[in-house]
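J.: Below is the structure, and that's it, no one-letter string:
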């Protein structure tokens with residue numbers, strides 16, 4: 001089995017969302033399972049050739065653009081045992097980040113990613129790779145199944161791109177890549193595909209994510225339960241009809257976690273290692289004490305620490321958390337928040353930090369080493385987003401003994417068992433009312449249970465025993481890929 005993974009980011013070269021971790025860990029797991037997996041990404045900031053000592057040029061491709069053709073240079077490197085192809089264009093990618101700047105998304109993202117998609121497809125002949133499956137992620141790669149069908153399967157059947165099937169993985173359904181219909185002729189896509197049923201139109205706009213959902217051989221999302229939920233009204237972000245119509249091609253596969261990078265039993269970035277076998281949890285207690293000292297928090301083993309890592313915006317739930325953060329701190333919970341996002345939310349959080357110095361810390365940006373230290377020290381992990389595109393951070397937090405606090409309908413229901421409904425088997429806390437009061441109620445429930453050392457220790461141990469490794473996940477993906485190849489062969493022989 002040969003699989004080409006096409007993604008906008010790839011950890012550790014460039015990480016803007018949790019997709020970067022999946023785009024790196026899944027190919028490694030697929031290779032470990034015996035398949036030939038390779039990764040194709042744009043050469044964006046902050047990737048630098050100095051970080052890739054074995055980087056080598058392997059060719060170039062010219063692709064159709066609105067004013068003629070555009071040339072991409074292709075480079076190859078090996079990262080974590082995975083061959084990675086980087087597509088370099090100084091104007092569209094080399095001088096910019098994957099999605100946008102602090103001011104927001106780049107207005108020409110539609111052009112950037114249709115060019116990247118065409119470059120990837122055309123490059124397969126240049127780099128000499130003939131994949132059985134093209135596995136593409138999210139809206140940035142949503143046009144790939146459509147372009148593969150229109151420009152290769154129909155017109156160039158001998159090209160390596162024409163022979164592959166497509167697997168379109170929906171990581172973040174909330175961000176769809178919707179653009180005005182006026183870009184259609186500039187995309188070089190016929191008007192006949194601009195339709196609601198079986199086409200790329202949604203609400204009068206060109207929708208990149210819908211294109212992937214309509215034209216891919218098989219669709220995937222991050223859990224079996226999520227695959228069912230997105231077919232229901234108001235759970236599919238406007239694409240419910242597509243998912244219902246394509247329910248036979250829709251699969252849900254639980255995402256794995258790279259325990260070689262995230263495991264408190266052998267994590268060199270934390271103060272002391274620990275695991276579920278540590279009956280006293282003294283290692284986790286040490287990590288907590290060190291973090292409290294490092295961040296100048298009021299030290300206290302019996303003071304619960306709640307942490308949030310991620311974007312500070314309305315989508316992440318930081319907005320509703322900010323509404324009640326003062327009350328949370330007054331209840332005696334210490335809060336650590338790390339991430340980037342909206343300046344107004346940052347300023348609000350910074351003001352609260354000043355008022356509650358010693359009980360609240362807000363860290364701007366993402367620091368990998370500090371992220372390890374935070375999850376190792378935290379008693380609770382705050383994940384209040386309205387929608388979670390994956391389980392990675394939740395599963396990592398549980399591995400490190402941080403009980404998750406999540407919105408009951410946000411996409412993590414398959415991973416978190418609510419303690420108030422299942423006291424003996426629960427692994428976290430959920431809130432059904434998506435509001436500041438809702439998240440406050442869940443935090444308060446966790447705070448009250450934390451007062452019982454024996455009960456809390458049971459929760460922590462239960463969380464740490466959960467297994468979200470990539471081994472089983474890789475086998476499920478290989479099954480899905482075989483479905484792709486079977487359907488592709490039937491289509492080619494028809």
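T.: Received the coordinates, thanks. Just so we're clear, the structure is a prediction, and the values are computed from it rather than from any experiment.

J.: all strands of the stretch 51-200 of the chain, in order?
T.: 56-65, 68-79, 82-88, 100-101, 104-105, 133-137, 165-169, 178-180 (DSSP state E, counting those that start in this stretch).

J.: quick one: the lowest-mean-pLDDT helix or strand in the chain to chain centroid distance?
T.: Ranked by mean pLDDT, DSSP states H and E, the weakest helix or strand in the chain is helix 224-229, scoring a mean of 86. Relative to the mean C-alpha coordinate of its chain, helix 224-229 is positioned 17 Å out (C-alpha atoms, centre = their mean, to the nearest Å).

J.: about what we covered before: could you provide the strands of the stretch 51-200 of the chain in JSON lines, with additional columns for mean pLDDT?
T.: Below are the strands of the stretch 51-200 of the chain laid out as JSON lines (pLDDT from 0 to 100):
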{"stretch": "strand 56-65", "mean pLDDT": "96"}
{"stretch": "strand 68-79", "mean pLDDT": "96"}
{"stretch": "strand 82-88", "mean pLDDT": "98"}
{"stretch": "strand 100-101", "mean pLDDT": "92"}
{"stretch": "strand 104-105", "mean pLDDT": "92"}
{"stretch": "strand 133-137", "mean pLDDT": "98"}
{"stretch": "strand 165-169", "mean pLDDT": "98"}
{"stretch": "strand 178-180", "mean pLDDT": "97"}
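
J.: Columns distance to residue 417 on top of these, output as TSV?
T.: For every residue, glycine as well, the C-beta is placed using N, CA and C. Listed next are those as TSV, based on distance: least, C-beta to C-beta, whole Å:
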stretch	distance to residue 417
strand 56-65	48
strand 68-79	36
strand 82-88	34
strand 100-101	37
strand 104-105	36
strand 133-137	28
strand 165-169	26
strand 178-180	35
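
J.: Contacts for stretch 61-80 next, please.
T.: With C-beta atoms under 8 Å, 6 or more residues apart in numbering as the test, stretch 61-80 has contacts from 10, 12-13, 24, 28, 39, 43, 49, 52, 54-60, 83-89, 92, 111, 115-116, 118-119, 122-123, 126-127, 186, 188.

J.: Now do the buried residues in it.
T.: 61, 63, 65, 70, 72, 73, 74, 75, 76, 77, 79, 80 (16 or more other C-beta atoms under 10 Å).

J.: now stretch 237-245
T.: 237, 239, 240, 242, 243.

J.: Tell me what residue 136 is bridged to.
T.: Assessed by DSSP bridges, residue 136 has beta-bridge partners residue 6, residue 168.

J.: Please pick the buried ones from the contacts of stretch 61-80.
T.: 10, 13, 24, 28, 39, 43, 52, 55, 83-89, 92, 111, 115-116, 118-119, 122-123, 126-127.

J.: Among those, which lie within helices?
T.: 24, 28, 111, 115, 116, 118, 119, 122, 123, 126, 127 (DSSP state H).

J.: on that earlier part again, next SSE after the least confident helix or strand of the chain?
T.: Beyond helix 224-229 in the direction of the C-terminus, DSSP states H and E gives the next helix or strand as helix 240-245.

J.: and which of the buried residues of stretch 237-245 is nearest residue 336?
T.: Nearest to residue 336 among the buried residues of stretch 237-245, counting by C-beta to C-beta, is residue 237 at 30.9 Å.

J.: Can you name the residues that contact the closest one?
T.: Residue 237 neighbours (C-beta under 8 Å, 6+ apart): 173, 174, 176, 230.

J.: Grab the longest helix from this structure for me.
T.: Per DSSP H, the chain has its longest helix at helix 470-493.
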